[in-house]
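In: quick one: sequence plus predicted model below, questions after.
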Amino acid sequence: MNTVNSAEPDTDTTFGDSEFVVVANRLPVDRDTTDSDSEWRTSPGGLVTAVAPVMKEHAGAWIGWTGVADVDFDPFTIDGMHLIPVTLTSTEVSRYYEGFSNATLWPLYHDVIVNPEYHRKWWEAYVHVNERFAQRVAEVAAEGATVWVHDYQLQLVPQMVRERRPDLAIGFFNHIPFPPFELFAQLPWRDQILKGLLGADLVGFQRPADAANFRRAVRGRLNYMTKGSTVAVPATDQLPAHIVRAEAFPISIDTPFLEELAKDPKIIERAKQIRQEVGNPKVVMLGVDRMDYTKGIRHRLKAFGELLAEHKLSVEDVVLIQIATPSRERLEQYKIIRHDVELAVGRINGEQEDVGSIAVYYLHHSYPRDEMTAFFLAADVMLVTALRDGMNLVAKEYVACRTEEDGVLVLSEFTGAAEQLRGAVMVNPHDIADLKAGILDAVHMDSKTQRRRMRQMRKKVASDTVSVWSKKFLTELESIRSSPETTFSGGSSAQEPDQEPSAPVIDPTSKASASTESSSSIAEAVPETAEPATMGPSDELDAAKASGVTPPVTPSTSGPNVPLGATAPADPTSPAESQANFSGSVPAGGQSASLSASGSSLSSEG
């Protein structure tokens, strides 16, 4: 029995015309004020490349914000894509996007490199905006359509859509890391986020470790039963029980398109010009990042500066081009990182002895695809030193552009790309000595070794393209929807390393059994490791016992389950408590388990 479809939509439900719906914070366009004939221009990106053919084939629609606040736009079509704008007010941009999405979730999901801020007004805006997106999905999706929701700004949308349109197949893909449970547990609205994501049939992540972190959080906070990559979500008053699969789908790039650009004679000539403009050194190193504290730009500059000061590298032989694309410039942490980067660049260049000697060419701009390809061709060494990154497609783009199989990629081990591009020089950017050693290895690597390593990485990006990624995800989603009862039985998925092999399998259609069985499963569980594939179940369990550590299991202590739109319990905090910023763990019992904005608690006012 297909438990997902066992609840028929309300007879008054009005279906839309779109068989395939993409939902993302932004539409794939930018407003063009320079062209009198066209108000919009397509903004190229991997996601557009991945889903545009599916949209055109299945009368699809893309729902998102235009990037312009306080202006209503009618739906429009561009390059064969039907786009449906969602309006955001200036206040919502400040609270939902700049606030909760990028000052709460972004730092929390990136290993708390900076402290997240928790404000109830931000959360309320996040809920309201997610509701608006979900309502648009319900209006435009055809009966039985496929809906693909993207990224951390819209984590509540899957459940909201399921409650409005249980007939839909819902997928969600998280483009950034999902944090370990111990960090995620800080979030006052952790249960609401988890339940929002579990409204999907398939939740995709960049790395197996991210998927494992999510499943562990589901067990620890909600007491839901998991086995392998699947989660049994019990029935509620609004919906029947259903199965969710949470696993890794590493995103990739449009390799054929980039290779074609890299062979363009005009772009090749431009690459030669770039080398001339920086003095034709023996080695050109390149960094391409958004101006973001997660990208490790400061660490990269520190390592390069020390190598110059120690005379292990010379500015006559090696220069660094650092492209830092402007990003979220109204946020304080982004003002700080720009200040620090520009200070470091000035210091390094100021320490050079000769007039006109420039060690770091710093460019605070965004560039079109053709120009970026020329930079990739001009660079002998690519530096990707992110402190934490879901994937980092720049690393893959550099590899795709190296059609002559030369060049060296220096890659942080804390990127998702590190699990795929094994031919890179791996570094720990937190360890400046290790980073310096990696840079020296790259600068002095012989051509034979370069070709061997680059050939290995190019083979990977040639086989794992963004089109392959999207097809794999959507095929898996269709498989889950067509036979959900077989997915929880284990199928081809391996037993999770943090569960006993003999863990009982429950009937996900039974609400009572889901409650009792999940409790016993949680009590027996051993937390997942950062590398879930490296140990078998017995190995990991033995390791935990040998260490003498009993893994903590946090039972769900959230308040009563309040349906969307209902009134949640009163805020238990005192006026003094409600003004505080919570940077540590949140006390148990302090929040509603619903997605309702009125149920937010244990947070500070904005």
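Out: Great, that's in hand. Numbers count the residues shown, from 1 in each chain.

In: hey, let's count contacts and neighbours off CA atoms from now on
Out: Will do.

In: tell me what the longest helix anywhere in the chain is packed against?
Out: Counting residues, the longest helix found in the chain (DSSP state H) is helix 120-140. Using 3 or more CA pairs under 8 Å, 6 or more residues apart in numbering; DSSP states H and E, the elements in contact with helix 120-140 are strand 18-26, strand 61-65, helix 90-92, helix 157-164.

In: and residue 182, how many neighbours?
Out: 10 (other CA atoms under 10 Å).

In: ok but it is inside a helix, no?
Out: Yes - read with DSSP: H, G, I helix; E, B strand; the rest coil, residue 182 is one of the residues of a helix.

In: next one: it from residue 225, what distance?
Out: 19 Å (CA to CA, to the nearest Å).

In: equivalent analysis for residue 342, please.
Out: As judged by CA to CA, residue 342 and residue 225 stand 50 Å apart.

In: ok, now residue 231?
Out: Using CA to CA, which is the criterion applied here, residue 231 is 6 Å from residue 225.

In: break the protein down into its domains, please.
Out: 17-88+131-251+470-599, 255-463 (automatic domain parsing).

In: need those in a markdown table (columns: distance to residue 122).
Out: Below are the domains of the chain laid out as a markdown table (distance: least, CA to CA, whole Å):
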| stretch | distance to residue 122 |
| --- | --- |
| domain 17-88+131-251+470-599 | 10 |
| domain 255-463 | 14 |
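
In: in a markdown table: the ones you listed, plus distance to residue 113 and mean pLDDT.
Out: Conversion of the domains of the chain to a markdown table gives the following (distance: least, CA to CA, whole Å; pLDDT from 0 to 100):
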| stretch | distance to residue 113 | mean pLDDT |
| --- | --- | --- |
| domain 17-88+131-251+470-599 | 11 | 72 |
| domain 255-463 | 7 | 96 |
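
In: and of those domains, who's closest to residue 121?
Out: Closest to residue 121 of those is domain 17-88+131-251+470-599 (CA to CA; 8.8 Å).

In: ok, then the element right after the longest helix of the chain?
Out: Using DSSP states H and E, the helix or strand that follows helix 120-140 towards the C-terminus is strand 141-150.

In: quick one: contacts of that next one?
Out: With contact meaning CA atoms under 8 Å, 6 or more residues apart in numbering, strand 141-150 is reached by 15-25, 137, 157-158, 167-175.

In: show the buried residues in those residues.
Out: Buried by 16 or more other CA atoms under 10 Å: 18-25, 137, 157-158, 167-175, out of the contacts of strand 141-150.

In: find the nearest non-adjacent residue to residue 335, please.
Out: residue 329 (6.1 Å; CA to CA, 6 or more residues apart in numbering).

In: any idea which element the one you found lies in?
Out: Using DSSP H and E, residue 329 falls outside every helix and strand.

In: count the residues that sit near it.
Out: Neighbours around residue 329, by other CA under 10 Å: 15.

In: repeat for residue 395
Out: Counted with other CA under 10 Å, residue 395 comes out at 23.

In: again with residue 273
Out: 16.

In: that one falls within a helix, correct?
Out: Yes - under three-state DSSP, residue 273 sits within a helix.

In: please shift the residue numbers so they start at 832 in all later answers.
Out: Will do, 832 is the new start, and the previous item becomes residue 1104.

In: need the phi and psi values for residue 859.
Out: phi -80, psi 40 (degrees, to the nearest 10).

In: how about residue 1184?
Out: Backbone torsions of residue 1184, given as degrees, to the nearest 10, read phi -80, psi -40.

In: how long is stretch 1156-1163 end to end?
Out: By CA to CA, one end of stretch 1156-1163 lies 17 Å from the other end.

In: how far off centre is that stretch?
Out: How far stretch 1156-1163 lies from its chain's middle: 18 Å, per CA atoms, centre = their mean, to the nearest Å.

In: how many residues are close by residue 1275?
Out: For residue 1275, using other CA under 10 Å, the count is 10.

In: distance-wise, check it relative to residue 1211.
Out: Between residue 1275 and residue 1211 the distance is 11 Å, computed by CA to CA.

In: thought residue 987 was touching residue 1020?
Out: No - assessed by CA atoms under 8 Å, residue 987 is found out of contact with residue 1020, at 11.0 Å.

In: who has more neighbours, residue 1173 and residue 1056?
Out: Between residue 1173 and residue 1056, residue 1056 has the larger neighbour count (other CA under 10 Å), namely 28 against 14.

In: ok, and the closest non-adjacent residue to residue 1252?
Out: Nearest one to residue 1252, counting by CA to CA, 6+ apart, is residue 1288 at 5.3 Å.

In: A helix includes the one you found, no?
Out: Yes - under three-state DSSP, residue 1288 sits within a helix.

In: contacts only, for it.
Out: Contacts of residue 1288 (CA under 8 Å, 6+ apart): 1230, 1251-1255.

In: good, we can wrap up now.
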